[in-house]
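Novice: Output the structure for:
(one chain, ligands or ions: 2)
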Amino acid sequence: MRIKIAPSILSADRTKLNEEVKEIEPCSDLIHVDVMDGKFVPPVTFKASEIKAVKSKLPKDVHLMVQHPIKDGFIGSCSDAGASIITIHEECRDNIDEAFKLIKSRGIKAGISINPPTHLDKINPYIDKVDMVLIMSVNPGYAGQKFMPDVLPKIKELRKLKPNLDIEIDGGINKETVKQAVKAGANVIVAGSSIFGQKDRKKAIEELRAAAK
Ligand code: DX5
Ligand code: ZN
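Specialist: Ligands and ions are numbered 1, 2, ... in the order given. Predicted coordinates:
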């Protein structure tokens, strides 16, 4: 499957986000935007207005780490802000099917994510309804954490079930860990600190891509 690189702008310099995005744009496939509500995870990040202010031709891959994607209005505000795909967590507190319906009604793609402790069978009812599955390889909330290889068997199993599905991996991805993730079957690669932590972002992305081959 084609490898897609999705830099997570959580690790970018937020005071000059558009400059940061310009730098990664030519060599990236998606822009990964982490939305956190201070409840599902402790931090609060990326308001819809900030997402809207990001100017890019690349699709915005919005990862909702929130307890109530519907009730708290995140799906509505993020789709208004220009999301191309919205991924919700299986562990959230709203109804998953209703959330997908709402996302689809906005004419955009829908994804589902699971945290490291969550078993793959929890998302069995949804994998035929989504455009992407996001397997978290760290506990969500913060950039710069260590990759958890224990999640690799979930990717392998899912890839066996769904040969053509976009499987995204998020957390602790660098030019070493990306190899394991891709070997297991992931094809959408999120990376924050391993890209924006480098002075030469283009080189960091090229190295990730080369390692993923
Ligand atoms: C973590 C976020 C990730 C994070 C990745 O909760 O969902 O997208 O920004 O950052 P790194 O690549 O540094 O682990
Ligand atoms: Zn994320």
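
Novice: Just the helices from this protein, written as ranges.
Specialist: For the chain, applying DSSP state H gives helices covering 17-24, 48-53, 74-80, 96-105, 152-161, 177-184, 193-196, 201-212.

Novice: Could I get the buried residue list for the last one?
Specialist: So that's helix 201-212. Residues of helix 201-212 classed as buried under the neighbour-count rule (16 or more other C-beta atoms under 10 Å) are 201, 204-205, 207-209, 211-212. Yep, even glycine has a C-beta here, placed from its N, CA and C like the rest.

Novice: go on, the third one?
Specialist: By neighbour count, and taking 16+ other C-beta under 10 Å as the criterion, the buried residues in helix 74-80 are 74-75, 77-79.

Novice: Off-centre distance for stretch 191-209?
Specialist: 16 Å (C-alpha atoms, centre = their mean, to the nearest Å).

Novice: Enumerate every residue touching the spatially closest residue to Val188 that is not a sequence neighbour.
Specialist: Spatially, and ignoring its direct neighbours in sequence, Val188 is nearest to Glu168 (3.7 Å; C-beta to C-beta, 6 or more residues apart in numbering). Each residue near Glu168 by C-beta atoms under 8 Å, 6 or more residues apart in numbering is listed here: 6, 61, 87, 111, 132-135, 186-190.

Novice: Appreciated, that's everything.
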